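K.L.:
pasting the structure only:
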């Protein structure tokens, strides 16, 4: 009986060491998050303390030569392009998700979800390349002249059709977030209990009435969460927007005009920046980080709530 | 009450509209794939694979150093990111039921939504500033940070799928906990984890933004981790926004190489996942 007593402490030690290693690895995720915040704060510190965050966000000058740094054009461009993206992608994604879950047999759903996952896997620089040589010419020659002819009385569709601008960036973002929103929406829609559908159909509802009256209300929180996740992705998307937005630090009402976004200006200027400009660019990154952090937490909470209500 | 005819035609219209939404996904996809393949093939030749980029104004040359550079940077990223990500996932599945586990899980979820350009800024502050130069290492660190949260989440799910009875059988045989975790539970989940790793590597290979000011670019061959390094994605970006026709052709060809690599990795991952399920 002496053997187990010698043996047990050894096994416990190994187990304890293993547990410690695991906790360290899990803690590393936490450390990475901390490092992200610290490094961003460190690099952006000089600009933020010199200009002040409130003024930095409101100022619209961006001129490295005069050392004038204002984030407004970039925040505006980011919001406008993401807004266009959501406006275009949300109806398309929800429609597509409804089509896949409610309107076609399960086998078609598996077949169609494959190309959608391919679309999600295409690197953003390839979307940018395609946008630059395919999408922008189409917008310049066909879509923008058409919009100017028909809706030209609105301030958003005035001005020369350039191709590169808010509209081009918004459209490419819409294409890029479409698979994100669709796949989460499909997941959410599949949690809607079949009894709700049957109840509506039994009362004589058509398929669309069933969707509108029992499926969509049930899935509302989850779809909102999916949309916010898509929005978070659109806000932070860099390469495709950098290649399509036109890169002009101005604020224009016209969607045809070139603009700039937060990630795009960081991508274009950071490698060659020095001194205060580096710091100001990092401050833009800090703003971006803060916004996506809030949006993602919100979206995860919403998707989780809509899942839990099922269980 | 609206007439049945009106209700039926509304139903029909909405069904058609939802079907059209499918085209919103399929048309861009087909267009992207078609153009990358057709223009990519015409821009490709042997020199494309083996030569250095031609100087401004000259035609010819290749992106050999960028292909190698992407492999190099992604290898560094995998070396750093895979053990951390998988390890964190194993932690979440095996010991992550307490409050600290919840914190780590939430952090990983939120981190997976951080824009990649922001991660590039962090790698700049963390690696480039102290070393005083752009380097393959900095690019690798940035990509590794991007890999960790997604790997952690998928590894956790995969380890949790291993039946509890398997673990209990092992423990009942007197095998210590750590050995049960590594040799029984993790081994069972391994094929799935390999799939997750392949997907993470595929995603990392396609990243551009975090490399712009970490590994930067290089006109020459580079085999040192502390030097600026060319990458396929940054090269596509530079060539695409350049005014030269020849470089545009190179950008399409490089995009084709990138898509083939990313696609092959994802297909392999899918294939492994499926053969595992059967």
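P.N.:
That came through, no problem. Because the structure is predicted, anything quoted here is derived from the model rather than measured.

K.L.:
Can you report how many residues lie near the closest residue to chain A within chain B?
P.N.:
Distances between chain B and chain A by C-beta to the nearest C-beta are smallest at residue B:115, namely 2.5 Å. Every C-beta, even on glycine, is put in place using the N, C-alpha and C of the backbone. Close neighbours of residue B:115, defined as other C-beta atoms under 10 Å in any protein chain shown, add up to 25.

K.L.:
Repeat that for residue A:272.
P.N.:
Residue A:272: 10 neighbours (other C-beta under 10 Å).

K.L.:
Read off the pLDDT value for it.
P.N.:
Note on residue A:272: pLDDT of 86.

K.L.:
Mind giving me the packing neighbours of whatever helix or strand residue A:13 lives in?
P.N.:
Using DSSP states H and E, residue A:13 sits in helix A:2-51. Secondary structure elements in contact with helix A:2-51, counted by 3 or more C-beta pairs under 8 Å, 6 or more residues apart in numbering or on different chains; DSSP states H and E, are helix A:276-308, helix B:64-95, helix B:99-111, helix B:116-123, helix B:136-160, helix B:177-179.

K.L.:
For the residue nearest to residue B:92 when sequence neighbours are not counted, list the residues it contacts.
P.N.:
Leaving out its chain neighbours, the residue that sits closest to residue B:92 by C-beta to C-beta, 6 or more residues apart in numbering or on different chains is residue B:156, at 4.0 Å. Contact analysis of residue B:156 by C-beta atoms under 8 Å, 6 or more residues apart in numbering or on different chains lists B:89, B:90, B:92, B:93, B:96, B:105.

K.L.:
How much space separates the nearest residue to residue A:86 once chain neighbours are set aside from residue B:108?
P.N.:
Nearest residue to residue A:86 in three dimensions, chain neighbours excluded: residue A:231, at 5.7 Å (C-beta to C-beta, 6+ apart). Look at residue A:231 and residue B:108: by C-beta to C-beta, to the nearest Å, they are 20 Å apart.

K.L.:
returning to what we had before: now mean pLDDT too, for the helices and strands packed on helix A:2-51, in CSV please.
P.N.:
Converted to CSV, these look like this (pLDDT from 0 to 100):
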stretch, mean pLDDT
helix A:276-308, 86
helix B:64-95, 92
helix B:99-111, 89
helix B:116-123, 93
helix B:136-160, 93
helix B:177-179, 88
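
K.L.:
TSV for the ones you listed, including distance to residue A:130?
P.N.:
Conversion of the helices and strands packed on helix A:2-51 to TSV gives the following (distance: least, C-beta to C-beta, whole Å):
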stretch	distance to residue A:130
helix A:276-308	24
helix B:64-95	19
helix B:99-111	29
helix B:116-123	19
helix B:136-160	23
helix B:177-179	50
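
K.L.:
coming back round to it: which two among the contacts of residue B:156 are spaced furthest apart?
P.N.:
B:90 and B:105 (13.0 Å; C-beta to C-beta).

K.L.:
So for those two, which residue has more residues nearby?
P.N.:
Ranked by neighbour count (other C-beta under 10 Å), residue B:90 and residue B:105 place residue B:90 first, with 27 against 19.

K.L.:
tell me the angle of the helix holding residue A:13 relative to helix B:64-95?
P.N.:
Helix A:2-51 runs at 120 degrees relative to helix B:64-95, counting by axes from the mean of the first three to the mean of the last three C-alpha atoms, to 10 degrees.

K.L.:
Just the mean pLDDT for helix A:2-51, thanks.
P.N.:
Here the average pLDDT along helix A:2-51 is 81.

K.L.:
what about the lowest-mean-pLDDT helix or strand in chain B, distance to the chain center?
P.N.:
Of all the helices and strands that make up chain B, helix B:46-50 has the lowest average by mean pLDDT, DSSP states H and E, namely a mean of 83. Once both centres are worked out by C-alpha atoms, centre = their mean, to the nearest Å, helix B:46-50 turns out to sit 25 Å from its chain's centre.

K.L.:
now stretch B:157-173
P.N.:
30 Å.

K.L.:
neighbouring contacts of it?
P.N.:
B:89-90, B:93-94, B:177, B:179-180, B:183-186, B:188-189, B:192-193, B:196.

K.L.:
For the residues you listed, pick the one with the most neighbours.
P.N.:
residue B:89 (31 neighbours).

K.L.:
How about the contacts made by that one?
P.N.:
B:151, B:152, B:153, B:154, B:155, B:156, B:158, B:159, B:193.

K.L.:
Quick check, residue A:303 in contact with residue A:183.
P.N.:
No: counting by C-beta atoms under 8 Å, residue A:303 sits too far from residue A:183 to count as a contact (11.8 Å).
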